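Visitor: return a 3D structure for these sequence lines:
(2 chains)
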Amino acid sequence: MINLFFKLEMDHAGITSLRGISDGIQTEFIAPGRVLGHVFARYRMLGNPWQEFNTEKMTDRWTVRQGADGGALQQVVVYDGAGWYDYFADLELTERFRLEEDVLYWTIHFRNLTHKPIEIERLFLPLPFDSIGLGVQSAAPESGSSVQWTRKDGRGRSLVMTAADHCPYFEPAQTERNFTPVKIESWDENGVSLVSSSSNSSWVDDENKIYQNTKSLILTPKFSPGDESTYVFEFRWVDAPGQVRGIPTAENPSDNHE
Amino acid sequence: MKRNVFPRFFLICALFSAMLLPGLQAQKSTKKSPFRLQFNRTGISSLKRTNDAYETDYISKGRALGGIAVKYRMEKGSWQSTASSGMADRRDVETYQEGGNPQHFVRYFDKYYLYHGDFNDHYSDLGLDVRFRTEGEALYWTLHFQNLADQPLIIGDINLPLPFNTSPRWNKTEMYTERLIPHSFISGHSSFIFWMRPNGVGPYLVMTPLRECPPFASSKAFKPTPLEFIDGENVFIHASASGAEALEQGGNWRFPLTSLTLAPKSASGSEVTYGFKFRWAQSYQQVRDILYEEGLIDVQVVPGMTVPTDLEARFALRTRNGVDSIVAEYPGATRLEYLGEKAKDTHLYSVRFSRLGENMLTVGYGGGQKMALEFFVTEPLETLIKKRSAHLTGFQQHRDPGKWYNGLISDWDMRNKILRSPDDTDGLKDFWVASDDPGNCKAPYIAEKNVHFPLAGEIEAVEYYIRHYLWGKLQNTDKEKYPYGIYGIPNWKTHRESRPADRDSWTGHLWRLADYPHIIMLYLNMYRIATYYPGMTHELTSEGYLERAFGTAKAYFTVPLETGRWSAIELCRMNELVIVPLIDELLANGKTEQGNWLKNQWEKKVEHYVNDAPNLLHAEYPGNPCSFESSQALARYAMEHAGKPGSSLNVGIQNARKFMDEQMTINIALRGWLEPAYYLLGISKPGSGFYMSQMAGWSVADYALYYSREPAQDLRLAYASYLGNWALMNTGTPDSGYGYWYQGIENDGGAGGAFVRDAFGEVQGKAVGRGCWFYGGEADMGFGAALRTAATIVSEDPLFGLIAYGGQLTQSGKVIDIIPKDGLRQRFHVLRGGTRFHMILDRDGFAPNKPITVNEALDEIRFVLESRFSAAHQTELRISGLPAGAYQVFQDDRPVSTLAIADGKESIIRLPMDDKGEKTVSIRKVSRSGAAPQGL
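Guide: I've put the predicted structure just below:
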């Protein structure tokens, strides 16, 4: 996918190559052989043992479509996609990469397919950026609102990943409903954790405690108000950390959005 | 040289005039255009109002207004389809001025040759110029077609996609202020569409077809523009090709569908210009005024456009063009009368129909232009109410002790005359026949009908349902883990038999909030039946039913929250208004603790909605009008309790009034109000047949009767809302085959839960042509609300004069006789000037075909009371709005009580009834003071 700002190469799972159009030296931001777009979750359905949801291992349980939508290019991949009756999994994951002028959006949308609550104890997004050529830093570690990658030699533009503070217009209402402004729980060179808890809840023993664990992400039963969760990230090019909204600087520590 | 008739390409030249080109801004006229436009390579990509209250973009982001799809053919050829969307890479863009106005062009062109004949410089068959141009306060959109071929060319479709910003969102701010509700009336030359924000804040964008050639276009080829077909968001100027396709698929369409023949190139008639005009209106009235100013017809109708055979309709046509003719579809079964010109250019008519089903009146006006008024004629309302209950109990209940769903009242397939079941769903989702709203809404309707018209067999059917299907099955008993909890989709059996690893079931699947109010309502109505009609219930006593009602209400506020994080405080649900009368009954029966517990929950909810102003369009689906029955009940409670001595409600009266008006504004914004067709007027989600039309229609009626500042206007909409969805009840006489939609005596009393407006559509995966769906689904929630709305209302209407909604009114001097025909004959209101008189019976009814007589001063009222129960009992008459003074009440000319009316407050008169006979009741003012008359 190419627009006036980004040049992307994709496989079904996400971005295998990410470069800037105006970058004269054509820096490759994705590590060789890696993909930006994989998602890992550890979850359990009420009364059942912990399980893993790992897109890297889901070699054949996805459908992908790529194309133009309303003048923008996008790719949407659905893991364990389900209809009304034809669901065979506990969770459905939809991811969207979309080029919308100077912003690359990445949407992650989980849906509980079961009629029981699901607890997600860990939700981790690998960020497979080129750690050899790039330096990575959080522009605001304390707030966890953004991560930035810059060439170690200081050349070219930096890529900043920020959390969207509102659901983009192109997301359907179903996705918009449970949009959550992201709080990055923790990050390192491997990726970011959106949910990270060491659950000590005891669902198996007592169903009434299902909503008492506040650290986990709880998806309520299918078709109830909290049965889905949506996170959206935005990638932009910047010349300096303070150029993009949402990246706090020493001069503007809060950098409130207008 | 004779042209070859191979398929050829279509040439589009689209001319867009934009007023916002920065470089040209200085050259504009001094008056700023009210349109802020942006263009992309297709057309208008952004349309906003200059200096608007919100940054509402009327065009859906990523799309553009200006696209077009055409089907055409040569005289003996087959249809060719072409669309601007397929020519995205063939266009030029340029900017220029015309007449001092900056112009922005996008020119689409085609340079490919497809045919194999000799070279010919006519490489297209059909040329089209599309132009957008602002002129003063208006934006014009014109389409000029030109036949480029040397033989006649027939245009079968001119299809205009309207990509307006109508997709609903969950986010409140976005939904209220940046999304639009479309209102479209497709009816020939008097078609119109307007878009408004859900919060009702103007302006509204009004699109009207051009009746006159705009000043900048050539008048040579201009024709007044009709719209004759709609398919989703697409409207059609001509639609003979698409219409024929829809009919072949099994669809249908009632308007004549036309094509246009263009004469060969350069001959007279080889070109045509159509067009539309956009203007801004600040209010509904301004929309009406625009229709009038643009040469269309502004229509007002009472009591609605679904009309029982025993009621008269009146309508007003306001047009600056003369009305040439009104032609009834069934002249022999239509009695039409001209009542004169009420105001300038406003012509009044009355009409009575005797043929059941759809009835069209075609209005000819302006010398050759036409529009249609679509009425639906049905049986008397009382017949409908009774037939529906009879059908539910007679045809729709499973009675087979061998089945796990024994007692279930399920859905009736009118097309195949089959009662569906969990074993035979016809491909419908499981819940449709066994649980959720469709499965749970039927028994409450039967119960509510029997509160008013008791029949032993129907009451027995409800108790059979409770005993065999509901208690201990669909609903948890009071001894189970979640007392009174109700199982949701797919059905209770699946959940009760679930195992830990099952994904599609759970013993705790009791979280669907929406399921609870139906069952609360069922029990409360059974309590009323047991109270009013001793001996007619056998399953529980009245106290037992009241206990069940409370238990279910308590579960409503606790179980879904516990099992699904679904808070009853934070979401309005259908039928939830039952909580208020339940609180009253609990307290009246000495169940103080229970009553106060429930009151506390309800007041939390009232406080949340009034003080926190949550998103009223946040239901199970965004933008769904499901909240607006409940929201009026919340607002009414707030208005009645805010600031009152002893009230525990933490709400200010000003906030209460603000909330009431806001929720009513949104309720009305979601329903057809200016659109005169039976499937639009008063209908929530116009054109859908949505049952919420009647549920939130109760709200409009309650508001109009008790809180409106313009009750006469609001009553028009309220009654249309009450009547509208009765059109989806399949009912008839032997002569009419027992039903307009689906014939056969087995279907007499069936109902459709949806209306398909398009020629061919789909409901729940079932293909269906324009008209009523063949399953009832959730329709009974609407019919139940209709029972709560039914009333005979005398209104002094500024346009139609003194009329009776739901009644037959005659006036003789200062005496007015009204025969109630509202379906229940229990509620009577008079709204004239400052008078708001209300007279409501708790049981029995005003006698059929006998008048309620009132005089102008309202100091004497007489009616005949019909007993609907054979044993001795007492009927309560709540009366308010009488002029101050002392009154004497007579029953069969014997004085039975006195009233001292000081300030118009409500009084209760208890009338003894001893058998199934009739008693004459009269209420006479005996003195001007509020003191009781001496000697009584």
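Visitor: so what's residue A:201 scoring on pLDDT?
Guide: In this model, residue A:201 is scored at 56, pLDDT.
Visitor: the stretch 251-400 of chain B: helices as residue ranges?
Guide: Listed from the start of the chain, the stretch 251-400 of chain B has helices (DSSP state H, counting those that start in this stretch) covering B:284-293, B:381-395.
Visitor: now render those as TSV, adding distance to residue B:556 and mean neighbour count.
Guide: To be clear about C-beta, it is placed using only N, CA and C from the backbone, and glycine gets the same treatment. Converted to TSV, the helices of the stretch 251-400 of chain B look like this (distance: least, Cβ to Cβ, whole Å; neighbours: other Cβ atoms under 10 Å in any protein chain shown):
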stretch	distance to residue B:556	mean neighbour count
helix B:284-293	37	19
helix B:381-395	24	22
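Visitor: which among the ones you listed is found nearest to residue A:10?
Guide: Residue A:10 lies closest, by Cβ to Cβ, to one member of the helices of the stretch 251-400 of chain B: helix B:284-293, at 48.3 Å.
Visitor: what comes into contact with that closest one?
Guide: Here helix B:284-293 makes contact (Cβ atoms under 8 Å, 6 or more residues apart in numbering or on different chains) with B:190, B:192, B:194, B:202, B:204, B:206, B:208, B:279, B:281, B:297-298, B:318-320, B:345, B:673-674.
Visitor: how about stretch B:736-743?
Guide: B:355-358, B:414-415, B:728, B:730-732, B:744-745, B:747-748, B:750, B:752, B:771-772, B:774.
Visitor: how about the strands in the stretch 151-258 of chain A?
Guide: A:158-163, A:186-188, A:191-196, A:217-219, A:228-238 (DSSP state E, counting those that start in this stretch).
Visitor: er, the stretch 51-200 of chain B actually
Guide: With DSSP E, counting those that start in this stretch as the criterion, the stretch 51-200 of chain B has strands spanning B:69-74, B:80-83, B:91-98, B:101-108, B:124-135, B:138-147, B:153-161, B:181-185, B:192-196.
Visitor: partner strands of the second one, with direction?
Guide: Strand pairing for strand B:80-83, using DSSP bridges, gives strand B:69-74 (antiparallel).
Visitor: hmm, back to that, hmm, which of the contacts of helix B:284-293 are the buried ones?
Guide: Neighbour-count burial (16 or more other Cβ atoms under 10 Å in any protein chain shown) applied to the contacts of helix B:284-293 gives B:190, B:192, B:194, B:202, B:204, B:206, B:208, B:279, B:281, B:297-298, B:318-319, B:345, B:673-674.
Visitor: tell me the residues on the stretch 101-250 of chain A that lie near chain B, please.
Guide: A:113-117, A:166-167, A:169-170, A:173, A:176-177, A:207-208, A:211, A:218, A:220-221, A:223-226 (Cβ under 8 Å from any Cβ of the partner chain).
Visitor: buried set for whichever strand or helix holds residue B:519?
Guide: Assigned by DSSP states H and E, residue B:519 belongs to helix B:515-532. Neighbour counts over helix B:515-532 (16+ other Cβ under 10 Å) mark B:515-532 as buried.
Visitor: please see if that helix touches chain A.
Guide: No. Using Cβ under 8 Å from any Cβ, helix B:515-532 never reaches chain A; the gap is at least 11.9 Å.
Visitor: any idea which residue is closest to the centre of the chain?
Guide: You didn't pick a chain, so chain A it is. Centroid-nearest residue in chain A, with Cα atoms, centre = their mean: residue A:108, separated by 4.8 Å.
Visitor: correction: the question concerned chain B.
Guide: Note: chain B centre (Cα atoms, centre = their mean) maps to residue B:683, 1.1 Å.
Visitor: nearest residue to that one other than its sequence neighbours?
Guide: Once flanking residues are discounted, residue B:683 sits nearest to residue B:693: 4.6 Å by Cβ to Cβ, 6 or more residues apart in numbering or on different chains.
Visitor: coming back round to it: between the strands of the stretch 151-258 of chain A, which one is closest to residue B:212.
Guide: Across the strands of the stretch 151-258 of chain A, closest to residue B:212 is strand A:228-238 (Cβ to Cβ), at 49.4 Å.
Visitor: can you name every helix or strand that that closest one contacts?
Guide: Contact analysis of strand A:228-238 by 3 or more Cβ pairs under 8 Å, 6 or more residues apart in numbering or on different chains; DSSP states H and E lists strand A:103-112, strand A:158-163, helix A:173-177, strand A:217-219 as its packing neighbours.
Visitor: out of the ones you listed, which comes closest to residue B:308?
Guide: helix A:173-177 (38.7 Å).
Visitor: buried sites along the closest one?
Guide: For helix A:173-177, a neighbour-count test (16+ other Cβ under 10 Å) marks A:173, A:175, A:176, A:177 as buried.
Visitor: packing partners of that helix?
Guide: Looks like helix A:173-177 contacts strand A:228-238 (3+ Cβ pairs under 8 Å, 6+ apart).
Visitor: restricting the selection to alpha carbons, write the strand it packs on to PDB.
Guide: Only the C-alpha atoms of strand A:228-238 are listed here, as PDB (Å, rounded to 0.1, in the frame of the first residue of the first chain):
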ATOM      1  CA  GLU A 228     -15.900  -6.000  22.500                       C
ATOM      2  CA  SER A 229     -12.900  -3.800  22.900                       C
ATOM      3  CA  THR A 230     -11.200  -1.600  20.400                       C
ATOM      4  CA  TYR A 231      -7.800   0.100  20.400                       C
ATOM      5  CA  VAL A 232      -6.500   2.400  17.800                       C
ATOM      6  CA  PHE A 233      -2.900   3.600  17.200                       C
ATOM      7  CA  GLU A 234      -1.700   6.200  14.800                       C
ATOM      8  CA  PHE A 235       1.700   6.400  13.100                       C
ATOM      9  CA  ARG A 236       3.100   9.700  11.800                       C
ATOM     10  CA  TRP A 237       6.400  11.000  10.500                       C
ATOM     11  CA  VAL A 238       8.000  13.800  12.600                       C
END
